[in-house]
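Student: Turn this into a structure:
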Amino acid sequence: MRALPASVGAVAAGAALAAPFFLDRGALNDLWSLALGVILASAWNLLGGFAGQVSLGYSAFLGIGAYTTVLLSLRGVDPFLTLPLGALLAALFSVVIGLPAFRLRGPYFTIATIGVGEAVRVSAASVSFTGGSSGLRMPAGSFDFQLNYYSMAILAILAVALSAFVRRSAFGHALAAIRQDIDAAESLGVNSTRFKLAAHALSAAVVALAGSLYAINFQYIAPGSVFDFRMSLSIVLMPIVGGVGTVVGPVLGALVFSTLQIKLLAIPALRDAYLLLYGGLLILVMLYEPKGLVGLWLRLTARLRSSVPAPGPEVPDAG
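Tutor: Prediction:
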């Protein structure tokens with residue numbers, strides 16, 4: 001079971017990198033959206049899945065990365081050179097808001113992150129250097145879809161690899177201890193605040209990188225798009241539906257969400273119904289399989305193994 005996801009992941013990564021050689025632009029756009037979902041879900045899972053800290057404010061980090069890229073590009077900086085700065089600013093911002101927010105636990109922390117995300121959105125819409133509610137457009141000549149596609153695909157591969165590495169590391173074990181029982185972890189010497197801040201900063205940096213590539217691809221951003229609460233909600237729902245706290249779960253959740261969103265966008269009457277569908281999926285997961293699609297797969301394989309009769313003792317040949 002452990003080797004299967006790694007082998008499948010290697011094949012999927014190779015297919016994603018080879019896709020521009022045999023797929024048309026429409027299919028590549030869909031793969032780009034899938035890669036974006038994988039990055040956002042895997043990054044959120046570092047804090048929300050491994051450490052059990054459910055944040056609903058991750059669109060703030062996406063927007064920080066996007067606005068950093070657009071603002072610097074308008075001043076003549078190469079868009080791809082702005083990615084590290086956007087990631088750094090998002091990580092610093094995550095520490096600033098994390099220091100007071102991580103004093104809260106459970107739903108109080110979640111509510112606080114909603115407030116932070118909405119405050120950032122309102123602030124971005126109220127100041128002039130961000131273009132206000134009208135947003136900003138990237139400078140002409142800054143769009144190269146093939147380069148952007150490869151950048152997003154490679155970042156998705158690295159995000160999944162980072163998730164796998166963190167889960168197996170001492171850092172990941174400390175986050176798991178915090179998720180299971182924060183008081184017991186602290187009594188054993190785990191500095192919960194430091195580890196949560198580190199996971200928050202790491203995930204925020206990855207999301208900001210995706211936000212920069214988002215801005216480069218769409219060539220236009222506004223507070224209502226990159227700082228949208230619905231974006232934060234989608235980021236949370238993907239790993240929950242796929243399997244929170246696992247490596248492959250966010251990937252499965254992103255696959256389901258991107259597929260549903262593409263199908264819904266093709267039907268004008270259902271374009272605004274995706275949150276209703278996502279909410280229905282969340283209810284089904286929480287009621288019947290809290291471990292998501294990964295848990296469903298494990299349950300089915302366990303049932304299949306138990307239904308296969310064990311081989312009986314060999315009967316010696318009488319002849």
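
Student: Can you list the buried residues in stretch 17-34?
Tutor: 19, 20, 28, 30, 31, 32, 33, 34 (16 or more other CB atoms under 10 Å). Any C-beta I mention is one placed from the backbone N, CA and C, and that applies to glycine too.

Student: first vs last residue of that stretch, how far apart are they?
Tutor: 13 Å (CA to CA, to the nearest Å).

Student: which residues are in contact with that stretch?
Tutor: 16, 145-146, 148-150, 152-154, 156, 217, 254-255, 258, 261-262 (CB atoms under 8 Å, 6 or more residues apart in numbering).

Student: let's see 7 Å
Tutor: With contact meaning CB atoms under 7 Å, 6 or more residues apart in numbering, stretch 17-34 is reached by 16, 146, 149, 152, 153, 217, 254, 255, 258, 262.

Student: Could you do stretch 135-147 as well?
Tutor: So stretch 135-147 is contacted by 20, 70, 73-74, 79, 130, 215-216, 219-223 (CB under 7 Å, 6+ apart).

Student: Where does confidence bottom out across those?
Tutor: Among the contacts of stretch 135-147, residue 130 has the lowest pLDDT, at 86.

Student: Go ahead and report the secondary structure state at the closest residue to residue 148 other than its chain neighbours.
Tutor: In space, and not counting its chain neighbours, residue 148 is closest to residue 217: 5.0 Å by CB to CB, 6 or more residues apart in numbering. Here residue 217 is helix, with the state taken from DSSP: H, G, I helix; E, B strand; the rest coil.

Student: Next one: residue 217 relative to residue 138, how far apart?
Tutor: 10 Å (CB to CB, to the nearest Å).

Student: of the contacts of stretch 17-34, buried ones?
Tutor: Judged by 16+ other CB under 10 Å, buried ones among the contacts of stretch 17-34: 16, 149, 152, 153, 217, 254, 255, 258.

Student: Now do the residue nearest to residue 148, the pLDDT please.
Tutor: Reported pLDDT for residue 217: 93.

Student: cool, residue 190 as well?
Tutor: 89.

Student: Test my guess that it contacts residue 179.
Tutor: No - the pair residue 190 and residue 179 fails to qualify as a contact (CB atoms under 7 Å) at a distance of 11.2 Å.

Student: now, the most widely separated pair of the contacts of stretch 17-34?
Tutor: Based on CB to CB, the longest span within these runs between 146 and 255 and measures 22.7 Å.

Student: shaky segments in the stretch 1-150 of the chain?
Tutor: Regions of the stretch 1-150 of the chain meeting the criterion pLDDT under 70 cover residues 1-6.

Student: again, only this time at 50
Tutor: 1-3 (pLDDT under 50).

Student: now the helices for it?
Tutor: With helices called from DSSP state H, counting those that start in this stretch, the stretch 1-150 of the chain shows them at 3-18, 25-48, 59-73, 83-101, 107-126, 145-168.

Student: how much does the shortest one deviate in direction from helix 25-48?
Tutor: This points to helix 59-73. 120 degrees (axes from the mean of the first three to the mean of the last three CA atoms, to 10 degrees).

Student: Right, I'll leave it there.
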